Every structure is written in structure tokens, then in C-alpha cells.
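Chemist: Provided below for reference: sequence and predicted model.
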Amino acid sequence: MPDRSKDRRRALDLLFEADQRGRAGDRIAIIDLLAQRMANDAGLKPMRTYAAEIVEGVAEHLHRIDELLESYSHAWTVDRMPAVDLAILRIGTWELLYNDDVPDAVAVEQAVNLAADLSTDGSPEFVNGLLGQLQRQAPALRDAAATPGEQQ
């Protein structure tokens, strides 16, 4: 597995954990959980650079990412999405809109691969469809994100 694929999976693990802890009432901020992992105080492998970059990027743009996911998912709120799919979609959306180093097609493909490996049988199609819509709108969405005053 290429290094970035491993990093995406590590970022997914952390985003999933933060979401699950939040749903259980433990409102730990994603950045705080990342800081714990970076400090390696739980005896886990430390977060690699790109995994941390993904988590930081998703945390920084979480409000906008979730807003876009709800807007383009047609009647699916982020609360209704399976937690694994949501974490995958957050990573894919961040890579599409906020990371110029990853080609759009690669961001979508990697997200679909994660969904195929880690989620339900219908998840790859759902992830592909939703991120495909965002990919088609990416130039306009990137321009909107670059406009001052974006709420995050």
C-alpha cells in the first residue's frame, strides 16, 4: 500500500474515532485527538505527516465540508451517513477542494477504495457518486472557498 494510502487510512481512523466519541457524548475536538496521537501518549504508532495534514485540513474546513456533503447528498444529512462513509467523504472532499497536490481523480479513486475496503457493499457507489458531483463542481467550489469570509 503506498504511503499516502496508509496515511489516508490513519486519518480515517482518527476522524472515525473523533466522530464516535462525539456521538457517545465525549466532545473531543479533532485537533485535540490529533495532538494526543502526535504526542503518542496512548502507545499507538505516531501520526505520519500526510495523515496529520489531512486531519488538520478536515478539522479546519469541517463546517464547509459537511455543508457541501449535505447539499450534494440529496436528503442525506451527515448525521444519517454511516460514520466510516462520512470520514471517507470528509477526506475526499478535503483532498478535492483544499489539497492541490492530489489530482481530483486520485482523491475520488482513493476514497472509493477506502469505502470498498472498510464499509458496506453500497458505500463505494455512494462515495463515488457524491465525490463525483463535488469533483464536477470543484473549480467553482474552490473559487468560493478562496473568497474571504468563508465560514468554517
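Modeler: Here it is on my side, so go on.
Chemist: and the host helix or strand of Arg136, which residues are buried?
Modeler: Taking DSSP states H and E as the criterion, Arg136 maps to helix 123-146. Neighbour counts over helix 123-146 (16 or more other C-beta atoms under 10 Å) mark 123-124, 126-128, 130-131, 134-135, 137-138, 141 as buried. C-beta: built from backbone N, CA, C; applies to glycine.
Chemist: Now tabulate the residues you listed in TSV and tack on distance to Glu67.
Modeler: Formatted as TSV, the buried residues of helix 123-146 follow (distance: C-beta to C-beta, whole Å):
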residue	distance to Glu67
Ser123	21
Pro124	24
Phe126	18
Val127	18
Asn128	21
Leu130	13
Leu131	15
Leu134	12
Gln135	17
Gln137	13
Ala138	15
Leu141	11
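Chemist: what would these look like in TSV with pLDDT and distance to Val102?
Modeler: What follows is the buried residues of helix 123-146, written out as TSV (pLDDT from 0 to 100; distance: C-beta to C-beta, whole Å):
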residue	pLDDT	distance to Val102
Ser123	96	21
Pro124	98	19
Phe126	96	21
Val127	97	16
Asn128	98	16
Leu130	97	17
Leu131	98	12
Leu134	97	14
Gln135	97	12
Gln137	96	17
Ala138	95	12
Leu141	93	15
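Chemist: What is the nearest of the residues you listed to Arg10?
Modeler: Set against Arg10, the nearest of the buried residues of helix 123-146 by C-beta to C-beta is Val127 (18.4 Å).
Chemist: I figured that closest one was touching Leu89, is that so?
Modeler: Yes. With contact defined as C-beta atoms under 8 Å, Val127 and Leu89 form a contacting pair (6.2 Å).
Chemist: Which phi and psi values does His61 adopt?
Modeler: Main-chain dihedrals, His61, degrees, to the nearest 10: phi -110, psi 20.
Chemist: Can you tell me the number of residues neighbouring it?
Modeler: Per other C-beta atoms under 10 Å, the neighbour tally for His61 reads 20.
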